[in-house]
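Engineer: what would the 3D arrangement of this be:
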Amino acid sequence: MAHITGTYFRVPDFSDICEFYADLLGMTIVRKDADCIVFSFNFSENCLVFQKADVAAYQAGQKDFYWKIGITLKNLDEAVSYLRGRGLILNDPYQFRDIGYMTKLTDPKGFHIELLQQGFEGNEQALDHNSVASGHAIADQAILAHITLRVTDLVTARDYFENKLGMRLMSIQPVEDRGFCLYFYSWNDETLPNPDLTAVANREWLWRRPYSLLELQHWETTGLHLSLTPPDQAGFDGFSFQGRSPVKSKVSSDDLSRALVS
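Structural biologist: Residues are numbered from 1 along each chain as shown. Here you go, the predicted structure:
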């Protein structure tokens, strides 16, 4: 089956990136040269690819087409305690509806990261630090799990991901009082615990998948308009995926915006 292999970002420089992703989060540096740095928790799955470009600093907005990446963890409280001990300021984790136990942080370049426990609040997994090689409080329990995009035209978005990219819709998670609904995609053909895509019973199972999911936040209110990051500004630059063939395919941010943002 195909899987996401890389999440790409353009940045003006690499200052503090290694300290954050390699030292603080414990990711492995897969590649490092003058124009590109690549990090991963598991190189056989998704990597973060930062490419140097002649761009201004990233400025995130609440109506941006690109939103965040997600990292899932076995024990979020333990991870937060570790990060706070390293000087990072974090809000207390909270259980968001029947979706997940989470908190958020921002990397040195302004990109948002969601930390999501693989079980709901109170369903953390015990960590056996003696059974893993690295001994890192984050890397030993983490999966680079989500790329999150915002969309307003659900029909077009579903056609693009399901029919053009051949991805499978694995979960639908309504948040009606907030005016949006979440849709999670992958290429995996695993059997869901519950065949109902809206079933809460699928969600903790989904957060434990060892591969990255594509998450769409569909804004259901009419008349909303999404913003695209200007090409002369740092920002999300698309994702790559690979199937049975060793050749990787790239879906650029331009491809996505042309298809999904009116």
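Engineer: now do the helix or strand hosting Leu116: which elements does it pack against?
Structural biologist: Secondary structure assigned from DSSP states H and E places Leu116 in strand 112-117. Judged by 3 or more CB pairs under 8 Å, 6 or more residues apart in numbering; DSSP states H and E, the packing partners of strand 112-117 are strand 66-73, helix 76-85, strand 100-106, strand 142-151. In short, each C-beta sits where N, CA and C put it, glycine included.
Engineer: dump those to CSV, plus mean neighbour count and distance to Asn188.
Structural biologist: Rendered in CSV, the data for the helices and strands packed on strand 112-117 read as follows (neighbours: other CB atoms under 10 Å; distance: least, CB to CB, whole Å):
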stretch, mean neighbour count, distance to Asn188
strand 66-73, 24, 15
helix 76-85, 17, 24
strand 100-106, 19, 19
strand 142-151, 23, 13
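Engineer: next, format these as TSV and append mean pLDDT and distance to Gln242.
Structural biologist: Listed next are those as TSV, based on pLDDT from 0 to 100; distance: least, CB to CB, whole Å:
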stretch	mean pLDDT	distance to Gln242
strand 66-73	98	19
helix 76-85	97	29
strand 100-106	97	27
strand 142-151	97	15
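Engineer: related to what we said a few turns ago, direction included, what does the strand holding Leu116 pair up with?
Structural biologist: strand 66-73 (parallel), strand 100-106 (antiparallel) (DSSP bridges).
Engineer: Asn91 against Glu114, yeah?
Structural biologist: No - taking contacts as CB atoms under 8 Å, Asn91 lies outside contact range of Glu114: 11.8 Å.
Engineer: which neighbours do these two have in common?
Structural biologist: Thr103, Lys104 (CB atoms under 8 Å, 6 or more residues apart in numbering).
Engineer: what about the two, which has more around it?
Structural biologist: Neighbour count, other CB atoms under 10 Å: between Asn91 and Glu114, Glu114 has more, with 20 against 10.
Engineer: which residue packs closest to that one, ignoring adjacent ones?
Structural biologist: Gly70 (4.4 Å; CB to CB, 6 or more residues apart in numbering).
Engineer: now that neighbour: how far from Ala57?
Structural biologist: 23 Å (CB to CB, to the nearest Å).
Engineer: likewise for Glu121?
Structural biologist: Applying CB to CB to Glu121 and Ala57 gives a distance of 35 Å.
Engineer: which of the two has more residues huddled nearby?
Structural biologist: Neighbours were counted for Glu121 and for Ala57 using other CB under 10 Å; Glu121 has more, 15 against 11.
Engineer: okay, strands next: where are they in this protein?
Structural biologist: For the chain, the strands defined by DSSP state E occupy 3-11, 28-32, 36-40, 47-52, 66-73, 94-96, 100-106, 112-117, 142-151, 168-175, 180-186, 213-219, 235-242, 248-252.
Engineer: name the residues of the third one that are buried.
Structural biologist: Residues of strand 36-40 classed as buried: Ile37, Val38, Phe39, Ser40 (neighbour count, 16 or more other CB atoms under 10 Å).
Engineer: please apply the same query to the shortest one.
Structural biologist: The neighbour-count criterion (16+ other CB under 10 Å) identifies Phe96 as the buried residues of strand 94-96.
Engineer: what sits opposite the residue nearest to Glu114 in the beta ladder?
Structural biologist: With DSSP bridges as the rule, Gly70 is bridged to Glu114, His146.
Engineer: hang on, it packs against Ala142?
Structural biologist: No - with contact defined as CB under 8 Å, Gly70 and Ala142 do not form a contacting pair (10.5 Å).
Engineer: how about the helices and strands packed on strand 112-117 in a markdown table, adding distance to Arg258?
Structural biologist: Conversion of the helices and strands packed on strand 112-117 to a markdown table gives the following (distance: least, CB to CB, whole Å):
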| stretch | distance to Arg258 |
| --- | --- |
| strand 66-73 | 14 |
| helix 76-85 | 37 |
| strand 100-106 | 28 |
| strand 142-151 | 13 |
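Engineer: how about the ones you listed, which one is nearest Trp207?
Structural biologist: strand 66-73 (4.8 Å; CB to CB).
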